[in-house]
Structure formats: C-alpha cells, structure tokens
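In: Predicted model, plus sequence, below.
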Amino acid sequence: MKDWFRRHHHPSFQSAGATSREIPEDLWEKCPKCSELLYQRELENNEWVCSRCAYHFRLRAEQRIAQLTDEGSFEEHSAYLLSTDPLNFRSATESYADKLRQSREKTGLSESMLIGTATLAGCPLVLAVTDFRFMGGSMGSVYGEKLVRAVDIALDRRLPVLTVNASGGARQQEGMFSLMQMAKTTTAFARLGRERLPHISLLTDPCTAGVTASYATSADIVIAEPGALIGFAGPRVIEQTTRQKLPPGFQTAEFCLEHGMVDMVTPRRELRPTLGNLLRIFSATGGLSVVS
C-alpha cells in the first residue's frame, strides 16, 4: 500500500519535444534603494518609479521628452553640433576623442544636451534635456552652445524655457572651455529674464557641480524630483574637507526644499499637470505665445 504513495521519479512539467527558454535579462529591474525586484513592464507603466519605495529611476532623454511633452510635438534643434577635442586631451587609458565616440555609440546621441521646441498640455515651450548616460551629462562647449541657442529660440518666438537637468558638472576634458559655459549659459538666461520670459528648471538625480552652480538653480522656478541628489561637491568630499559629519538627508531634494534651495519637490506622475498649470499661469500674466 505504501508503494502507491512513494515517488520514484522527479515530476516533469515539460512536454515532449519542448525546449527550455532563457528568461530575457531585461525582464526585471532591481530597485537600487529597496532592492525590490520589479517587473519592467509594470515599472514602465508606473513611469519608472518603484511601486514599493517610490524611488525615481533615472530616465533617458527620449523617455523624459515622451513623459513631459504632447505626443509628436517635439522638434529637435541644432542636433548637428558635435564636440571637438580642443586640448587633445588624453587620460591614462583613452583619449577624449575615443570617449566621445564611445558615448555616441552607446547612447545614440550626438551630445549630452538635447534642445528643441514642443508643447506641454497645449502650451508651446523650448525644451532642453540632459542625458546623464552621455559622459555623466557633463557640460562642455556644445552643451553650453545648445542652451544659448535654446534661449535665442525662446526670445525670437517669445516662449518659456524648460530645462531638465541631470549632470555631474563641467567636462574636465575641455578644461577652461567647459568652465566658461557656466558664465555663458547664466548670461543667456539673464537675457531671457530681462524679456520677462520664464525659465523653469527641473532638477533630477543627480544634479551637481557647475550645472547646479550656474543656470540650473538661477531659474524663475526650480522643481526637483523626490530623492534627487542636488549640490555642488559630493557628500564625501564635503565631509573630508570640513571634517564634520553631514546631517541626515543632506543634498537630497527634500533637504534642499527645507533650506530654500528649490521651490517644490514634485513626484514624477505630477510633473505634467504641475508644469502645465505653471505654463498657463505664465501665459495669462506675461507676453507668451499661446496655442488656442
């Protein structure tokens, strides 16, 4: 009787002739904050925000454009501008020219900054988006030149400018040419302000160094995504320099809001309606172009 219930072979659920299939590597994403394993399709539907801890994943430039602008409305400008190697820079492992080529191949972008015109909730604007994948979103000569051209378009068409910023700061391979972009871009946005045209800056993770210290935080309205790292030097550098323990949450978006560095911290799902409301307010109170 006992033999009836004794298992002699391991059960097999594979049908005859069937072959095993590997699970695609890009099917799941692990949350860097809470380590939750997230189904990529659900994560995408949730705008790349962790459903467990609300961690905001970094977005590529094209994802950010699709998230913020009306479908099919984005028209890129000055895509042909390419960085050169003015200093013939070479590190111990590779040249700057090789680094640029690798970044272009990896990302499919010509530079870390994309600019163009679009509409958001029916409101026309000039959009400038940084892609952190391209050399850490670093600000070189082309980055700065594109921002200035974005401002020129806004001045010509009387449009607001929305910058989406994620950067490690100045591009060291261009030396002084890169550092000059801080003054160049800040001066351009000052011209925009004199014409009473708004600049809205969205700070995403991470936004540091020369970008934070220049145009990104001198906007009319500064918005940050939850949890974004915002600051000049990194926390470890500050601790080593000051020899003091930093307070909890130092340089997070929430810490910056508490200390008056940003105007609001807005979850990703609320960005479009929030920005749409701001653009409509500016359109009603200033001399902006409006789509009827």
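Out: In hand now; what should we look at?

In: ok, which stretches of the stretch 1-150 of the chain are helices?
Out: Applying DSSP state H, counting those that start in this stretch to the stretch 1-150 of the chain gives helices spanning 40-45, 61-68, 96-107, 141-157.

In: just those helices: most buried one?
Out: helix 141-157 (a mean of 20; mean count of other CB atoms under 10 Å). Every C-beta, even on glycine, is put in place using the N, C-alpha and C of the backbone.

In: Leu197 and Ser51: what is the separation?
Out: Leu197 sits 38 Å away from Ser51, taking CB to CB, to the nearest Å as the criterion.

In: tell me the contacts of Leu278?
Out: 198, 200, 221 (CB atoms under 8 Å, 6 or more residues apart in numbering).

In: Other residues contacting the helix or strand of the chain at the bottom of the mean pLDDT ranking?
Out: Ranked by mean pLDDT, DSSP states H and E, the weakest helix or strand in the chain is helix 235-242, scoring a mean of 85. Taking contacts as CB under 8 Å, 6+ apart, the residues outside helix 235-242 that touch it are 233, 245-246, 250-251.

In: The same query, at a cut-off of 6 Å, please.
Out: 246, 251 (CB atoms under 6 Å, 6 or more residues apart in numbering).

In: Kindly report the same for stretch 111-129.
Out: Contacts with stretch 111-129, where a contact means CB under 6 Å, 6+ apart, come from 61, 64, 68-70, 73-77, 130-131, 134-135, 137, 142-143, 146-147, 150, 153-154, 159-164, 275-276, 279, 289, 291.

In: How far does that stretch stretch from one end to the other?
Out: Stretch 111-129 has an end-to-end distance of 11 Å (CA to CA, to the nearest Å).

In: in it, what's buried?
Out: By 16 or more other CB atoms under 10 Å, the buried positions in stretch 111-129 come out as 111-121, 123-129.

In: any idea how far Tyr96 is from the residue nearest to Asp220 when sequence neighbours are not counted?
Out: Leaving out its chain neighbours, the residue that sits closest to Asp220 by CB to CB, 6 or more residues apart in numbering is Pro198, at 4.7 Å. Using CB to CB, Pro198 is found at 36 Å from Tyr96.

In: before we move on, what about Asp70?
Out: With CB to CB as the criterion, Asp70 and Tyr96 are 38 Å apart.

In: ok, for Arg149, nearest residue in space, not its chain neighbours?
Out: Counting by CB to CB, 6+ apart, Arg149 lies nearest to Ser78, which is 5.3 Å off, once chain neighbours are set aside.

In: pLDDT value on the one you found, please?
Out: Ser78 carries a pLDDT score of 94 in this model.

In: Can you name the residues that contact the spatially most central residue of the chain?
Out: Among the residues of the chain, Ala166 comes closest to the average C-alpha position under CA atoms, centre = their mean, at 4.2 Å. By CB under 6 Å, 6+ apart, Ala166 lies in contact with 130, 132, 137, 204, 207.

In: The third one and Thr130 touch, don't they?
Out: In this case it means Gly137. Yes - counting by CB atoms under 6 Å, Thr130 is a contact partner of Gly137 at 4.3 Å.

In: who touches both of these two?
Out: Common contact partners of Gly137 and Thr130 (CB under 6 Å, 6+ apart): 112, 166-167.
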